[in-house]
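Asks: requesting a structural model of the entry that follows:
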Amino acid sequence: MQTIQIKGVKREVFGKKGAKDIRRENLIPCVLYGNGGETIHFSVEASEAKKLLYTPKSYIVELNIDGNIEKGVMRETQFHPVKDYCQHIDFFRVVAGKPVSIEIPVAIVGNSEGVKAGGKLQVLRRKLTVSGLEENLLDELVIDITPLGVGKTINVGDLHYEGLTMLQPASMSVVAVLATRQSGK
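Replies: Numbers count the residues shown, from 1 in each chain. The predicted structure follows:
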């Protein structure tokens, strides 16, 4: 999985007023927690966080917090409901030898038999949540749809990746080829 570096500064002021003051300086309040380490409250520049927030990709984030390097994955973001700017980011600490759960984008490859016959391809999930060690995490989950016929689906239970555990229910549909009027002729 790709890694991205972000610089942060530890913050000492907490609560609504502290967060408002930080946001006024074009910074985003953040927290890093989990895997037995101490919780670290810090802030990052909004411009630096854009490369992480506004992309469909998932990354392991190398956080440089006042010279101390920590690895994490973005777990949750909070956006302003009206103005649509990022208000807060939660990171979950990545520790060597311990599995981490992360959303990974789905990549569809191949030409479906059902689409060739006139069916309509429907991608139901753009990302799937998996759990695995850092070295086993993939940039994208590749799904080959070539054998998929009209009226057929690929479920989470049909997908298998080395060293990764799927965290969604096995019955959840990921990709389907729907019948159309044209395919029924």
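
Asks: CA only for contacts and neighbour counts going forward, please
Replies: OK.

Asks: for stretch 141-154, give the mean pLDDT please.
Replies: Per-residue pLDDT values over stretch 141-154 give a mean of 94.

Asks: got the buried residues for stretch 1-17?
Replies: Q5, I6, K7, G8, V9, R11 (16 or more other Cα atoms under 10 Å).

Asks: what's the pLDDT at the second one?
Replies: With respect to pLDDT, I6 scores 94.

Asks: what helix or strand is it on?
Replies: Per DSSP states H and E: I6 is located in strand 3-10.

Asks: does anything pack onto that strand? Which helices or strands?
Replies: Secondary-structure packing of strand 3-10 (3 or more Cα pairs under 8 Å, 6 or more residues apart in numbering; DSSP states H and E): strand 40-45, helix 46-53, strand 60-65.

Asks: for the protein, which strand is longest?
Replies: In the chain, taking DSSP state E as the definition, the longest strand is strand 68-79.

Asks: what sits closest to L133 if chain neighbours are left out?
Replies: P99 (4.3 Å; Cα to Cα, 6 or more residues apart in numbering).

Asks: ok, the one you found touching N136?
Replies: No - taking Cα atoms under 8 Å as the definition, P99 is not a contact partner of N136, at 9.4 Å.

Asks: those two: which is more packed in?
Replies: More crowded of P99 and N136, by other Cα atoms under 10 Å: P99, with 20 against 14.

Asks: got the domain ranges for the protein?
Replies: 3-95, 101-178 (automatic domain parsing).

Asks: which helix runs longest in the chain?
Replies: Determined from DSSP state H, the single longest helix within the chain is helix 15-24.
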